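Undergrad: I need the structure of the sequence given here:
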Amino acid sequence: MGALDRLFRPRAVALVGASRERYAIGGAILHNLIRAGFRGQIFPVNPRAGVLHGLTCYPSVDALPAPVDLAIIAVPRPAVIATLRACGRAHIGAAVLITAGYRETGPEGRGLEDELLQVARTCGIRLVGPNCMGIMNMADDVRLQASFSASLPTTGTIAFASQSGAVGEAMLALLHERGLGVSMFVSLGNKADVSSNDLLAEWGDDSATRVILLYMESFGHPQKFLDVAARVTRHTPVIAVKAGRSAAGARAAASHTGALAGSDSAVDALLAQSGVIRADTVEECLIYASALATQPLPAGPRVVVVTNAGGPAILATDTAMACGLQMASLSDETTAALRALLPAEASVRNPIDMIASAQAPQYEAVVRLVAADPGVDALIVMFTALETNQPTPVADAIIAATRGLAKPVLACFMGTMTDGSGVTRLREAGLPVYTFGEDAARALSVMVRYQTARQRPVDPPAPLPEGDWAAITALCDTLTRQQRRQMTLADAQRVLEWAGIPVWPWREVASVDEVPAALTGLRLPAVAKISSAVIVHKSDVGGVLLGLHSPEAVSAAVVALLERARRVDPAATVVLQEQAPAGVEIIAGAVRDGRFGPLVMCGLGGVFVEVFKDVSLGVHPLRRSDIQAMLRRLRAFPLLDGARGRPKADLAALEDILRRLEALMVACPAIAEVDINPLIAAPVGSLTAAADARVTLAADGA
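TA: Below you'll find the model as predicted:
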């Protein structure tokens with residue numbers, strides 16, 4: 001057996017710290033192992049008991065009478081190391097450590113956790129925890145409930161991992177309440193060994209698992225998560241609730257890119273790039289999971305809404321349209337058949353309002369009709385219970401009309417229901433049921449997005465392009481020795497050129513006497529800008545002068561800017577640059593994140609970049625499809641794609657610049673942040689190039 005097979009499919013389990021006290025942790029776990037009907041052997045271990053729950057109790061791990069695959073350890077912290085070593089002697093390949101008091105308590109606890117992990121590895125034990133609630137595998141041939149959770153889930157298709165025991169318990173209860181069964185559950189605790197990455201790889205290959213849910217508070221190895229999740233999500237949807245949004249943007253940053261690429265933006269990028277669906281709340285996670293775990297994926301975004309009440313259907317329609325779904329256009333044949341079935345007061349246009357008098361036969365006939373229409377990809381069937389109709393017959397009618405259908409059907413039952421049997425019947429038939437049509441519309445939109453994401457190209461990470469990385473590294477080394485973190489504008493633009501990123505034609509001058517020679521290589525009108533390692537924000541000191549149409553105007557500008565700058569920085573110079581023509585102003589940049597590595601950013605640029613925050617991030621390593629998706633996620637993308645008759649921007653040039661920014665961060669570890677704002681996105685055949693740049697070095701030079 002493999003290590004995780006021993007964890008999830010053990011033939012025998014030892015519960016070390018078993019207790020006769022029903023509500024002690026060791027007692028609750030033993031109770032759950034028995035009541036779930038574990039198919040293997042259970043060996044309680046407690047030196048002060050002879051028999052527990054009718055099972056022979058053993059004084060120690062060394063005294064176990066038969067081989068054991070999995071140990072559940074619920075002993076006081078001082079006894080944990082000795083228990084792990086005993087498990088090693090007994091060749092127990094997996095352990096779940098319930099005991100708390102480790103990394104979560106501070107530096108001393110972290111040291112103890114490092115020690116127990118080393119012992120586990122030396123003994124060849126894969127470890128869940130510490131500080132966790134336990135694990136479950138509800139497959140009929142396993143029936144393992146090795147936790148102190150109060151829940152006993154039904155067998156189902158949802159695998160769920162939680163970094164919080166409390167969130168895990170709440171979600172297990174909510175899944176059960178909504179008729180959703182569980183294949184496996186893991187309370188990860190401190191993730192000393194077994195992590196979300198391990199579980200994704202395991203569950204992605206599990207035929208019983210249809211949807212994977214994650215509640216996460218941290219990423220141990222983001223790059224590994226990206227690699228594993230990107231593979232798994234091509235065939236199994238993964239929904240993640242990631243806590244910690246409030247930490248976004250907490251650190252100070254020297255560039256727009258650094259300010260916008262907060263920790264939560266990096267999480268968004270990582271999840272999007274790996275194909276993982278992010279849910280903002282536990283409730284949202286359950287809304288999505290209800291549909292993905294029970295319904296086939298839609299072939300497209302065309303949805304039809306069937307209802308007996310107009311108001312709720314309008315709200316559902318509004319949400320569907322806002323989420324990117326399309327209201328299906330029904331064929332003339334379908335419309336005519338609907339008109340023949342329904343009263344004159346009914347609306348046969350989508351949304352189809354059968355009016356309040358609609359009974360079960362009308363529901364069955366109408367749902368059959370619209371489901372058979374080739375222009376319909378998915379259905380939302382809504383029912384409001386009134387005195388004139390009953391939910392159970394309507395539920396049976398919907399079930400009959402959709403049995404065997406290869407299109408997703410999401411139900412919405414509203415109003416007072418006498419016994420809830422209608423909802424129960426729908427859920428037992430495998431149909432998700434929502435209280436509000438808006439939730440059904442959001443769930444369906446996520447299904448469409450996932451269907452699109454899983455069909456993304458299978459392409460390798462883009463090869464890093466060539467550049468003069470030696471020249472950039474030498475400049476960074478020089479500046480680091482001088483204890484300078486901020487490059488001048490001139491140095492920043494040299495770095496871009498060495499990296500192969502086009503820059504609008506420019507020259508650097510240190511005095512007005514150098515202007516005539518500089519202008520021989522530039523076309524007017526020109527722009528003059530202060531170039532200083534001290535003056536970071538040029539606009540704060542009037543450090544940019546535009547529209548210089550003559551040599552005399554350029555000279556006057558140089559004199560004025562040098563006078564302003566050298567009051568603060570005697571080494572300041574001036575950069576003269578051809579004034580870029582009108583175009584779409586983009587921001588492009590990169591930042592080195594301590595947890596996620598190099599992040600590349602693009603977005604709507606200009607002076608209001610931090611106001612509109614229309615930006616998109618990508619996590620290294622980037623594939624070409626990732627870079628293309630970054631651009632297309634922008635709300636401003638239509639400006640690049642020829643909106644309102646504008647010429648289309650050279651998207652290939654933009655993609656190449658983003659790829660070169662990634663290469664710059666990989667090749668030159670001393671660089672912390674790069675900011676190009678604006679980057680003028682020009683049509684094909686014209687120059688797409690940087691018009692301004694900022695480069696910041698890491699505080700420690702690496």
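Undergrad: which intervals of this structure have sub-threshold pLDDT?
TA: Within the chain, the stretches with pLDDT under 70 are 1, 245-263, 416-419, 607-608, 610, 701-702.
Undergrad: so how far is residue 229 from the residue most central in space within it?
TA: The C-alpha lying nearest the average C-alpha coordinate of the chain belongs to residue 271 (C-alpha atoms, centre = their mean; 2.5 Å). Residue 271 is 8 Å from residue 229, where distance means C-beta to C-beta, to the nearest Å. Heads up, the C-betas are built off the backbone N, CA and C, glycines and all.
Undergrad: same question, residue 388
TA: 49 Å.
Undergrad: cool, residue 322 as well?
TA: Separation of residue 322 from residue 229 (C-beta to C-beta): 27 Å.
Undergrad: Compare these two and say which one has the larger neighbour count.
TA: Applying other C-beta atoms under 10 Å to residue 322 and residue 229 shows that residue 229 carries more neighbours, namely 26 against 12.
Undergrad: Quick check on the nearest residue to that one once chain neighbours are set aside: phi, psi?
TA: Spatial nearest neighbour of residue 229, chain neighbours left out: residue 274 (3.7 Å); criterion: C-beta to C-beta, 6 or more residues apart in numbering. Main-chain dihedrals, residue 274, degrees, to the nearest 10: phi -90, psi 0.
Undergrad: contacting residues around residue 274?
TA: 225-226, 229-230, 233, 238 (C-beta atoms under 8 Å, 6 or more residues apart in numbering).
Undergrad: Tell me which entries of those residues lie within strands.
TA: Among the contacts of residue 274, the ones falling in strands (DSSP state E) are residue 238.
Undergrad: Tell me the one of the contacts of residue 274 nearest residue 647?
TA: The closest of the contacts of residue 274 to residue 647 turns out to be residue 230 (C-beta to C-beta; 34.4 Å).
Undergrad: Surely the closest one is in contact with residue 270?
TA: No: assessed by C-beta atoms under 8 Å, residue 230 is found out of contact with residue 270, at 10.2 Å.
Undergrad: More neighbours: which of these two?
TA: Neighbour tally, residue 230 and residue 270, criterion other C-beta under 10 Å: the higher count belongs to residue 270, 25 against 17.
Undergrad: thinking that one is in contact with residue 225, fair?
TA: Yes: using C-beta under 8 Å, residue 270 makes contact with residue 225 at a distance of 6.9 Å.
Undergrad: wouldn't residue 214 be in contact with residue 239 here?
TA: Yes: counting by C-beta under 8 Å, residue 214 touches residue 239, with 7.2 Å between them.
Undergrad: which residues do those two both contact?
TA: Contacts common to residue 214 and residue 239, judged by C-beta under 8 Å, 6+ apart, are residue 276.
Undergrad: and residue 151, how far is that from residue 184?
TA: Here residue 151 is placed at a distance of 13 Å from residue 184 (C-beta to C-beta).
Undergrad: Between those two, which has more neighbouring residues?
TA: Neighbours were counted for residue 151 and for residue 184 using other C-beta under 10 Å; residue 184 has more, 25 against 19.
Undergrad: for the more buried one, which residues make a bridge with it?
TA: residue 137, residue 159 (DSSP bridges).
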